[in-house]
Each structure stands twice: as structure tokens, then as C-alpha cells.
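Engineer: Here is a sequence together with a model predicted from it:
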Amino acid sequence: VVYVIFSSEVKALPIARQMRAGGVTAPLLFGRSLMRESFLAALGGGAGECWFVDSFSRLSTAGPLIAEFFDKLRGAGVALPTTNHAFGWDGMSFCARALKADDGSPSGAIAYLESAMPLLGVTGTCVFSADNHNGRAGAGPTVLTRWHNQRFEEV
């Protein structure tokens, strides 16, 4: 496998095309940032076997939290929900929970979020505190997604 480490389509696409034009048939591995419709379409039919570091299985049945995330985004016209969508979804969900927990008080919502209580989101569990606004608690979900013949395939 050849790992192409770029989050920019403008940088990654020419490399992928040059490798294929040069006869390299090894699977190409791309990061989460390139798992999006525009990049998949730009790869086209001659991309060969490609893999993506991903946050979700694209074929297997997900748990209820991820299934809701996929259903809502697809219902809003997002055919391929991405990890970036998921980070935004979690951020908004956590803020909504915090505001609801303290009847809409912004200072109460901040205290709720900074209470070091585990919050489960589609990107994994977050535990925020006054000193940790990143909140990442352990590894988030990571899978490899295979893109071959212009479709997702089971790994």
C-alpha cells in the first residue's frame, strides 16, 4: 500500500494519477479528509484500489447514534457524510445537551461541558474540562474503507 498524506485534493489527485499512469498498482491509502464525494468522483474509474482511513463503516449497520447521524445528513442531501461532518455534529449535539441541561444558560452550559462527564458522540467519547477543550477521551472510531471500481467494498 502507498500512503498519500495530503488533505488537499489539489495535491493528492495529481500524485494518484501519476502513480497509476506510471504503472503502480499497489492500493493507495488516503486520510479521512479526502473521504468526500468530490475526491471520489475526481479519482474516476482508473483509480484502481484505494483505501481511506475513515471513522465509519460505509457498508455495515451502525449503532443507533451513527445511524441517526447518517440518516439526518442524507435526508439533508449529504450523500457521503464525512468525519468533518461528524465533528460538527458532535459539537452541536454537545452544546445543545449542555444548554438544555441548564435551561439555556450559557455559563451553566459551559460548566456542564467542563464537568469532566463523558459525552458519547459519533466521533467517540469526549470528556471536557476547564483545561481540556479538545475533550478527546481515548481513540475515536477508526476503520479502513475500501474504494474499488467506483464503489465501497467490504474489507
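Structural biologist: That came through, no problem. Numbering: from 1, shown residues only.
Engineer: any idea which helix is longest in the chain?
Structural biologist: helix 83-101 (DSSP state H).
Engineer: Who are the packing partners of the following helix or strand past that helix?
Structural biologist: Going down the chain from helix 83-101, the next helix or strand is helix 106-113, by DSSP states H and E. Here helix 106-113 touches helix 83-101, going by 3 or more Cβ pairs under 8 Å, 6 or more residues apart in numbering; DSSP states H and E. Where C-beta positions appear, they are placed from N, C-alpha and C, glycine not excepted.
Engineer: which residues of the chain fall in strands?
Structural biologist: Under the criterion DSSP state E, the chain contains strands at 2-4, 28-30, 50-54, 119-121, 124-126, 143-148, 151-153.
Engineer: circling back: now the angle between helix 106-113 and the longest helix of the chain, please.
Structural biologist: Computed by axes from the mean of the first three to the mean of the last three Cα atoms, to 10 degrees, the angle separating helix 83-101 from helix 106-113 equals 120 degrees.
Engineer: Just the CA trace of helix 83-101, in PDB.
Structural biologist: Only the C-alpha atoms of helix 83-101 are listed here, as PDB (Å, rounded to 0.1, in the frame of the first residue of the first chain):
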ATOM      1  CA  THR A  83     -15.600  12.700   9.600                       C
ATOM      2  CA  ASN A  84     -15.700  16.500   9.400                       C
ATOM      3  CA  HIS A  85     -19.500  16.400   9.400                       C
ATOM      4  CA  ALA A  86     -19.300  14.200  12.400                       C
ATOM      5  CA  PHE A  87     -17.100  16.600  14.400                       C
ATOM      6  CA  GLY A  88     -19.600  19.400  13.700                       C
ATOM      7  CA  TRP A  89     -22.500  17.100  14.600                       C
ATOM      8  CA  ASP A  90     -20.900  16.200  17.900                       C
ATOM      9  CA  GLY A  91     -20.000  19.900  18.700                       C
ATOM     10  CA  MET A  92     -23.600  21.000  18.100                       C
ATOM     11  CA  SER A  93     -25.100  18.000  19.900                       C
ATOM     12  CA  PHE A  94     -22.900  18.500  23.000                       C
ATOM     13  CA  CYS A  95     -23.700  22.200  23.100                       C
ATOM     14  CA  ALA A  96     -27.400  21.500  22.700                       C
ATOM     15  CA  ARG A  97     -27.300  19.000  25.600                       C
ATOM     16  CA  ALA A  98     -25.400  21.400  27.700                       C
ATOM     17  CA  LEU A  99     -27.800  24.300  27.100                       C
ATOM     18  CA  LYS A 100     -30.800  22.000  27.700                       C
ATOM     19  CA  ALA A 101     -29.300  20.700  31.000                       C
END
